[in-house]
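A.B. asks: this one's structure only:
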């Protein structure tokens, strides 16, 4: 039963992350293509924060499960390696998003970095589903 805690956290976080990415994509699309709908800033921020927080908590749970059940770290090879990179992406994505939310002003580079990092984060989450599936009982 303990095996399922990590994947449940991660799947919920990934769904939230996909939803936040959808809203985040509205910003450049509306800025460059033009649209009549306002960017849902608060919803994007809330979903993104929840997604990254759940990903991080779920990752810690995953590390704990591997340690308790298999007695080591990094036992899951590619899944663990991608997970370590995922941690860095999550921290950068959260940090850039926090700055963008708290210090509102016109920017050019930081929103691009934030968007690219978080798009990679969602892509890495989907890859993690693929690499982690084989470890489920």
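C.D. replies: Cool, the structure landed. As the structure is a prediction and not an experimental result, all values here were calculated from the model.

A.B. asks: Output the longest helix belonging to the chain.
C.D. replies: The longest helix of the chain (DSSP state H) is helix 41-70.

A.B. asks: roughly how far is that helix from the heart of the chain?
C.D. replies: 8 Å (Cα atoms, centre = their mean, to the nearest Å).

A.B. asks: Would you map the helices across this structure?
C.D. replies: Using DSSP H, helices in the chain cover 5-32, 41-70, 78-102, 109-132.

A.B. asks: hmm, back to that, I'd like to know which elements the longest helix of the chain is packed against.
C.D. replies: Counting contacts by 3 or more Cβ pairs under 8 Å, 6 or more residues apart in numbering; DSSP states H and E, helix 41-70 packs against helix 5-32, helix 78-102, helix 109-132. Any C-beta I mention is one placed from the backbone N, CA and C, and that applies to glycine too.

A.B. asks: how about these in CSV, adding mean neighbour count?
C.D. replies: Formatted as CSV, these follow (neighbours: other Cβ atoms under 10 Å):
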stretch, mean neighbour count
helix 5-32, 17
helix 78-102, 17
helix 109-132, 17
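
A.B. asks: Which of these sits closest to residue 68?
C.D. replies: Proximity of those to residue 68 was assessed by Cβ to Cβ; the nearest stretch is helix 5-32, lying at 11.2 Å.

A.B. asks: Give me the helices and strands touching that closest one, please.
C.D. replies: helix 41-70, helix 109-132.
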